[in-house]
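>>> coords please:
(chains A and B)
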Amino acid sequence: MRKSMGVSGYAFDAINYALLALLGIATLYPFLNLMAISFNHPMDTIRGQVYLWPNEFTWSNYLIVFENDGLLGAAGRSVARTLLGTFLSVTCTTMLAFTLSRKEYVLRKSINYVLIVSMYVSGGIIPGYMLIKNLGLLNSFWVYIIPGLIGVYNVIIIRSYFDSMPEGLMESAKIDGASDFQLFSKIALPTSLPVLATITLFVSVGHWNAWFDNYLYNTKPNLSLLQYELMKILIQSTSQVTSNATGYVDKETLRQTTPQSIRATMTVIVTLPILFVYPFMQRYFIKGIMVGSIKE
Amino acid sequence: MKMKTPPSANAESVKRISFFQKLGSQYQLVLMSVPFVLLLILFSYVPLWGWIMAFQKFLPGKGIMGSEFVGFDNFILLFQDEQFFRVLRNTLVMSFMSMAAGFVGAIALALLLNEVRSAFFKRTIQTVTYIPHFVSMVVIANIVLTFLSPDGGFINQVLLKIGIIHEPIYFMGKGEWFWAIHTLVGLWKELGWSTIIYLAVMASLNPEMYEAADVDGAGRFQKMWHISIPGIMPTAIILLILSVGSLINTGYESQFLLGNPLVIDYSEVLDLYALNLSFGSGQYSVGVALGIFKSLISLILVFTVNGFAKKAGQARIM
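Here you go, the predicted model:
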């Protein structure tokens, strides 16, 4: 039973919708603009005036970027890191969370304690680096996977989901003679798909977006990731050396393109997978976050 | 990991056996947890051993075991360093600006979204404003750089066209603008995402309150002011208090990526400075001392603030 709206009500709506639409445009426009630049002829881009649509359409920027072997390798490693890292991390994190949701587990309290304290203490960047070095993880692919295998925050979210499951489910399975492994794989996993989808999304985005561990630990080009390659272009252009080189392309190809076009193209390539996966995952994560945040 | 096993005590032995028997019967749970806990201990606790470096004149060649102890010299060195205070200032100022902007922005946006009646429009705006949260800071920094670029960047083009300026501005070269740029970029990236929790709380508010207000002839602003805002305030205050706990941990990605030698006096934060000290000028010990300082401050903040949050939480329940 809503009251009929007065003039002020309509004015409010109009302003509200306009503001929100503006915000939506301000969020989306930079992405679309970069995409237009990446498809626009480099020489035309220099003149400016590229907005939502390329003025002079061309694939050449993409061809130049992909001609570079190093970049294809980096893309492959980024995909490998994301797939393998996400799979291992979600599996291990979920397993740990499952054991902590079992009230009869004798180590539950001690493990909880180790987990919580680890959220507050950290040695800092340099001792962390020393550890990685002593473990022999410098210049290795595994430095991308192993240190972040267990996300404590994710453990807590998944555990609270398991905690909310009806007690009887586990009990009856146990009476039927199911082992703890079976309880985990046959009951806990299948019933927690929404929260697992959410965590999978977050972890995979984290892996895909990571670059700092690459920067810090892996200096060899045959271990570099896509984000790091993009970062190098960025750093080079901020330090004003873009006028003669972008590091990637040799002088010959540079004549056909510009640092600005290369940067836009790389940005689009790095962002595209996320924009592609995002709509499919979106309906899960809202539900998943609610579950995680309401239980506290 | 060591088990808690008191060596003697006869009375304990009965309990001990049952503990190990239980542990044995739960070996599958142990297999599913202990390896990961060991990993966590390795990466979170073992580096604490490196804190010894802060009290040494650490030389990479000699290692922690061989380096000479110098007591608190490195801390004194740090506190006599002018650059340290500049970096501390940068960290706190940027942290505070982002916190304030994020707090106000998220609540404002959530209130506006909550007033939208078209479910389609609301969902579209939400979907769009979430996107930057999932995009890497490297990509965001590239976008910012492209947009603020003096040659042909969007912002400069618009400003030139309107006639506000006659020469392109080199935004990223002005130190005193860095804080504002950093804050705006962070706000743009996380604004939509941070509304999720407020929208959830507002959705759980009793609709009868709004209906009653309707009957009483309340306008839109009055309903916002008297129902929506008080409804989300407890959550907002707890989130705000908790964010104070991480005031000194402002992150370093955006400062690293957007900063450049021209603005370094404004852009450098504690983590980056520690990195510079260690790998840039070989002063590992001072770098670690800086890390310890940061950890201590952040522990103090977290515990103080958790106390407040608990009180605020209890006040809400009562």
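>>> C-alpha only now, for contacts and for neighbours.
Noted.
>>> in the stretch 101-250 of chain B, which spans are helices?
Remark: helices assigned in the stretch 101-250 of chain B by DSSP state H, counting those that start in this stretch are B:119-134, B:137-148, B:154-162, B:178-190, B:196-203, B:207-215, B:220-223, B:229-244.
>>> centre of the chain to the helix or strand hosting A:Tyr62, how far?
In this structure, A:Tyr62 sits in helix A:60-67 according to DSSP states H and E. Counting by CA atoms, centre = their mean, to the nearest Å, helix A:60-67 is centred 25 Å from the centre of its parent chain.
>>> got the helices of the stretch 101-250 of chain B as TSV, with mean neighbour count, distance to B:Phe279 and mean pLDDT columns?
Written out in TSV, the entries for the helices of the stretch 101-250 of chain B read as follows (neighbours: other CA atoms under 10 Å in any protein chain shown; distance: least, CA to CA, whole Å; pLDDT from 0 to 100):
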stretch	mean neighbour count	distance to B:Phe279	mean pLDDT
helix B:119-134	17	31	91
helix B:137-148	23	22	91
helix B:154-162	16	36	87
helix B:178-190	19	25	95
helix B:196-203	18	40	88
helix B:207-215	14	58	86
helix B:220-223	14	55	84
helix B:229-244	17	30	87
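>>> need those helices in TSV (columns: distance to chain A).
Formatted as TSV, the entries for the helices of the stretch 101-250 of chain B read as follows, by distance: least, CA to the nearest CA, whole Å:
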stretch	distance to chain A
helix B:119-134	6
helix B:137-148	6
helix B:154-162	8
helix B:178-190	7
helix B:196-203	8
helix B:207-215	7
helix B:220-223	7
helix B:229-244	11
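>>> closest one to B:Ile107 among those?
Closest approach to B:Ile107 among these is made by helix B:196-203 (7.0 Å; CA to CA).
>>> now the angle between helix B:119-134 and the closest one, please.
Using axes from the mean of the first three to the mean of the last three CA atoms, to 10 degrees, one finds that helix B:196-203 and helix B:119-134 are set 150 degrees apart in direction.
>>> who's in contact with helix B:196-203?
Residues from elsewhere that reach helix B:196-203, judged by CA atoms under 8 Å, 6 or more residues apart in numbering or on different chains: A:290, B:106-107, B:110, B:114, B:228, B:231-232, B:235-236.
>>> repeat the analysis, applying 7 Å as the threshold.
B:110, B:114, B:228, B:231-232 (CA atoms under 7 Å, 6 or more residues apart in numbering or on different chains).
>>> hang on, the earlier thing: of all the helices of the stretch 101-250 of chain B, which lies closest to A:Tyr51?
helix B:154-162 (8.7 Å).
>>> low-scoring pLDDT stretches of chain B, where are they?
B:1-16, B:313-318 (pLDDT under 70).
>>> and it, which of its residues are near chain A?
Among all residues of chain B, those adjacent to chain A (criterion: CA under 7 Å from any CA of the partner chain) are B:23, B:28-29, B:32-33, B:36, B:43-45, B:47-48, B:50-51, B:112, B:125, B:128-129, B:134-136, B:138-139, B:142-143, B:152, B:214, B:260, B:288, B:291, B:299.
>>> excluding sequence neighbours, find me the nearest residue to the closest residue to chain A within the stretch 151-300 of chain B.
Of the residues in the stretch 151-300 of chain B, the one nearest chain A is B:Gly152, at a distance of 5.1 Å by CA to the nearest CA. Spatially, and ignoring its direct neighbours in sequence, B:Gly152 is nearest to A:Gly48 (5.1 Å; CA to CA, 6 or more residues apart in numbering or on different chains).
>>> which element is the closest residue to A:Gly124 other than its chain neighbours on?
If the residues on either side of it in the chain are set aside, A:Gly124 comes closest to B:Gly291, at 5.5 Å by CA to CA, 6+ apart. Using DSSP H and E, B:Gly291 sits within helix B:284-317.
>>> how about the strands of the stretch 1-150 of chain B, start to end?
Under the criterion DSSP state E, counting those that start in this stretch, the stretch 1-150 of chain B carries strands at the ranges B:56-57, B:68-69.
>>> make TSV out of the ones you listed and add mean neighbour count.
As requested, those are exported to TSV (neighbours: other CA atoms under 10 Å in any protein chain shown):
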stretch	mean neighbour count
strand B:56-57	21
strand B:68-69	15
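>>> quick one, which of these is nearest to B:Asp271?
Distances from B:Asp271 to each of the strands of the stretch 1-150 of chain B were compared using CA to CA; the minimum, 20.2 Å, belongs to strand B:56-57.
>>> which parts of chain A sit against chain B?
For chain A, the contact set with chain B under CA under 7 Å from any CA comprises A:2-3, A:16, A:20, A:24, A:27-28, A:30, A:46, A:48, A:95-96, A:99, A:106, A:118, A:120, A:122-124, A:126-128, A:131, A:147, A:150, A:180-181, A:205, A:209, A:227, A:231, A:234, A:238-239, A:267, A:271.
>>> repeat that for 6 Å
Where chain A comes near chain B, counting by CA under 6 Å from any CA of the partner chain, the residues are A:24, A:48, A:95-96, A:99, A:118, A:122-124, A:127-128, A:209, A:231, A:267.
>>> still on that earlier bit, and the residue of the stretch 151-300 of chain B closest to chain A, how many neighbours does it have?
Here the neighbour count serves as a burial measure; for B:Gly152 (other CA atoms under 10 Å in any protein chain shown) it reads 20.
>>> could you check how far the residue nearest to A:Asn139 when sequence neighbours are not counted is from chain B?
By the measure of CA to CA, 6+ apart, the closest residue to A:Asn139 outside its immediate chain neighbours is A:Asn218, 4.4 Å from it. Using CA to the nearest CA, to the nearest Å, we find A:Asn218 at a distance of 15 Å from chain B.
>>> pull the helix or strand with minimum mean pLDDT from chain A.
Least confident helix or strand, chain A: helix A:251-254 with a mean of 52, by mean pLDDT, DSSP states H and E.
>>> in the helix holding B:Gly291, what counts as buried?
Under the neighbour-count criterion of 16 or more other CA atoms under 10 Å in any protein chain shown, helix B:284-317 has B:284-292, B:294-295, B:298, B:301-302, B:305-306, B:309, B:312 buried.
>>> between it and helix B:229-244, how many degrees?
Using the same axes, to 10 degrees, helix B:284-317 lies at 160 degrees relative to helix B:229-244.
>>> quick one: helix B:284-317 to chain centroid distance?
Distance, stretch centre to chain centre, for helix B:284-317: 12 Å (CA atoms, centre = their mean).
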